[in-house]
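1. Attaching a predicted model along with its sequence, questions to come.
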Amino acid sequence: MGLAASFGIVLLVLPYVFARSRRTDSPGNSPERTVTVEKKNFSRVLRVNGTAQATHSFVVLAPRLAGAQLSSLVITKMMPAGAHVKRGDVLVEFDPQAQVKDFLDKQKSFKDLVGQVALKQAEEDIASAKDDTALKQAEDELKRTQLEMQKSEIVSRIDAEKNREALDEAQATLKQLRETYELKRRAAAAGIHILEIQRDRAMEAMNFAQANAAKMIIHSPMDGVVVLNTIWLGGRMGTVQPGDEIRPGVPFLQVVDPSQMEVRAEINQADFLQLQPGLHAQIHLDAYPGLTLSAVLEELAPLGHAGRFSQKVRRFAGRFSIQGSDPRLLPDLSVALDVELASIANALVIPRESVGGELGSEFVWLKSGAGYEKRPIRTGPRNDLEVVAESGLAAGDVIRRTAREEQGAAAK
């Protein structure tokens, strides 16, 4: 009987203990389940992501060589990443042996053609002088035969006939020499012109080769910091270093001015209409969580492009100028921007979860004595976490943190 009585007493006490524990642990009595209404600055922000970039930069591409058939260039010297350079400093040097050899070969071809043109011109001058002499002799012979023809009346018929034949032959010879003289000069001029064209082409090729050799050294056009780009290198992604081969036209390095930085961001079409140039934002760097900088939205792209995950959802590019500088802020760092869309100073701010809705009106559970009463309120602007209470509450009021939970409890 004693054991049964003890068991019965335990059964009677357990509900009471359980009820007390529920009352003690009830969210309505827990301090962390309540919120004190206070006045503070309210802001509505939009979070966008982007990448830090330098406002002024110079991208270095592996030089494209005119007329060259090389598939790659070999880097011999290069400024290390993070190095500070001045205008005119050497950024990178490529192996110039192939270009120097090509220049010397083209120079030799050019000099040979210059000599051929001079030789051809000298030969033409000699031939022209020889033809001039033959033409002069033919003219003198014609004059002589004409004088002989004047003796036809006093010489025999045979001599007169010989003089006639000599005159005809002199006239034909002079005519032939005059005709062939012009043809020879044209033919010689054409031959010289062909050599001159070949010489000019050789000179252009030599100049191209000389320019290619000069391209093997790249100088910095501005003061800044060297930043290496990640590119595809023989089956892997990485940054170049001396000894690597690189294809012409690849942007492998850039010089940036870290004193003026900006952020390029991608904005969803659902958020695009909320933004306009001139809005302020706070920048947070993923690599440095404690670093915060100010920025201003400078411009928005008027045309959108297809998003990464859907062709229907468009995205728009935005450019934010960073106000101030920090040595830790470098190009290509991922950035989160909190764009301030609206702000109200000294407003009554409460959590969004504290506001309940019923029949088109809003309310909160206001602490009143040992319990809570439903208090209708009128709300204003809101963000993802907070809402402005325009009427119905005063600073210092204590309300439930979660209106939905209290509403369920009141229903019970």
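-> Structure received. These numbers come from a predicted model, not from an experiment.

2. Name every strand pairing with the host helix or strand of I377 and say which way it goes.
-> Per DSSP states H and E, I377 falls inside strand 371-382. Here strand 371-382 has these sheet partners by DSSP bridges: strand 361-368 (antiparallel), strand 386-391 (antiparallel).

3. So for it, what gets flagged as buried?
-> With burial defined by 16 or more other Cβ atoms under 10 Å, the residues of strand 371-382 counted as buried are Y372, R375, I377, T379, P381. Just so you know, the C-beta spots here come from the backbone N, C-alpha and C atoms, and that holds for glycine as well.

4. ok, now stretch 117-128?
-> Neighbour-count burial for stretch 117-128 [16+ other Cβ under 10 Å]: V117, K120, Q121, E124.

5. Which element, helix or strand, includes the first one?
-> Assignment of secondary structure by DSSP H and E places V117 within helix 97-149.

6. quick check: angle from the helix or strand following that helix to helix 97-149?
-> Using DSSP H and E, the helix or strand that follows helix 97-149 towards the C-terminus is helix 157-214. Here helix 157-214 runs at an angle of 170 degrees relative to helix 97-149 (axes from the mean of the first three to the mean of the last three Cα atoms, to 10 degrees).

7. So which elements touch helix 157-214?
-> Packing partners of helix 157-214 (3 or more Cβ pairs under 8 Å, 6 or more residues apart in numbering; DSSP states H and E): helix 97-149.

8. from the middle of its chain, how far away would the helix it packs on be?
-> The chain centroid and the centroid of helix 97-149 are separated by 57 Å under Cα atoms, centre = their mean, to the nearest Å.

9. Number of residues surrounding V255?
-> Other residues near V255 come to 25 when the count uses other Cβ atoms under 10 Å.

10. That one and L167, how far apart?
-> 87 Å (Cβ to Cβ, to the nearest Å).

11. now swap in V250 and tell me
-> In terms of Cβ to Cβ, V250 sits 82 Å off from L167.

12. Reformat the buried residues of stretch 117-128 as TSV; add pLDDT and distance to R87.
-> As requested, the buried residues of stretch 117-128 are exported to TSV (pLDDT from 0 to 100; distance: Cβ to Cβ, whole Å):
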residue	pLDDT	distance to R87
V117	91	44
K120	90	49
Q121	91	48
E124	88	54
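
13. wait, which of these is closest to D132?
-> E124 (12.2 Å; Cβ to Cβ).

14. Pull the contacting residues for that closest one.
-> A188, A189, G191, I192 (Cβ atoms under 8 Å, 6 or more residues apart in numbering).

15. The same query, at a cut-off of 7 Å, please.
-> By Cβ atoms under 7 Å, 6 or more residues apart in numbering, the contact set of E124 is A188, I192.

16. which sections of the stretch 51-200 of the chain are below the confidence cut-off?
-> For the stretch 51-200 of the chain, applying pLDDT under 70 flags the ranges 67-71.

17. for the closest residue to N268 other than its chain neighbours, phi and psi?
-> If the residues on either side of it in the chain are set aside, N268 comes closest to R315, at 6.2 Å by Cβ to Cβ, 6 or more residues apart in numbering. Dihedral pair for R315: phi -130, psi 150, per degrees, to the nearest 10.

18. And for the one 4 residues further on?
-> In this entry, R319 is assigned phi and psi values of phi -120, psi 120 (degrees, to the nearest 10).

19. okay, now it: neighbour count?
-> For R319, the neighbour count with other Cβ under 10 Å is 19.

20. what mean pLDDT does stretch 358-366 have?
-> Averaging pLDDT along stretch 358-366 gives 88.

21. how many neighbours does the spatially closest residue to R328 that is not a sequence neighbour have?
-> Of all residues not flanking R328 in the chain, Y288 sits nearest, at 5.4 Å (Cβ to Cβ, 6+ apart). Neighbourhood size, Y288 [other Cβ under 10 Å]: 12.

22. all strands of the stretch 301-412 of the chain, in order?
-> 305-306, 314-323, 334-351, 356-358, 361-368, 371-382, 386-391, 398-400 (DSSP state E, counting those that start in this stretch).

23. Provide the strand pairings for the first one, with the direction of each partner.
-> Taking DSSP bridges as the criterion, strand 305-306 forms sheet pairs with strand 314-323 (antiparallel).

24. Now do the buried residues in the partner strand.
-> In strand 314-323, counting by 16+ other Cβ under 10 Å, buried: R314, R315, F316, A317, G318, R319, F320, I322.

25. residue contacts, the residue nearest to E93 when sequence neighbours are not counted?
-> Distances taken as Cβ to Cβ, 6+ apart place K77 nearest to E93, at 4.2 Å, with adjacent residues excluded. Contact analysis of K77 by Cβ under 7 Å, 6+ apart lists V92, E93, P242.

26. Give me the distance between K77 and V240.
-> Taken as Cβ to Cβ, the span from K77 to V240 is 12 Å.

27. what touches both of the two?
-> Common contacts of K77 and V240, defined by Cβ under 7 Å, 6+ apart, are absent altogether.

28. what's the closest of the contacts of K77 to T145?
-> E93 (79.0 Å).

29. end to end, how far does stretch 222-237 reach?
-> 28 Å (Cα to Cα, to the nearest Å).

30. Make JSON lines out of the buried residues of strand 314-323 and add pLDDT and distance to F363.
-> As requested, the buried residues of strand 314-323 are exported to JSON lines (pLDDT from 0 to 100; distance: Cβ to Cβ, whole Å):
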{"residue": "R314", "pLDDT": "88", "distance to F363": "39"}
{"residue": "R315", "pLDDT": "90", "distance to F363": "39"}
{"residue": "F316", "pLDDT": "92", "distance to F363": "39"}
{"residue": "A317", "pLDDT": "92", "distance to F363": "43"}
{"residue": "G318", "pLDDT": "94", "distance to F363": "39"}
{"residue": "R319", "pLDDT": "94", "distance to F363": "44"}
{"residue": "F320", "pLDDT": "95", "distance to F363": "40"}
{"residue": "I322", "pLDDT": "93", "distance to F363": "44"}
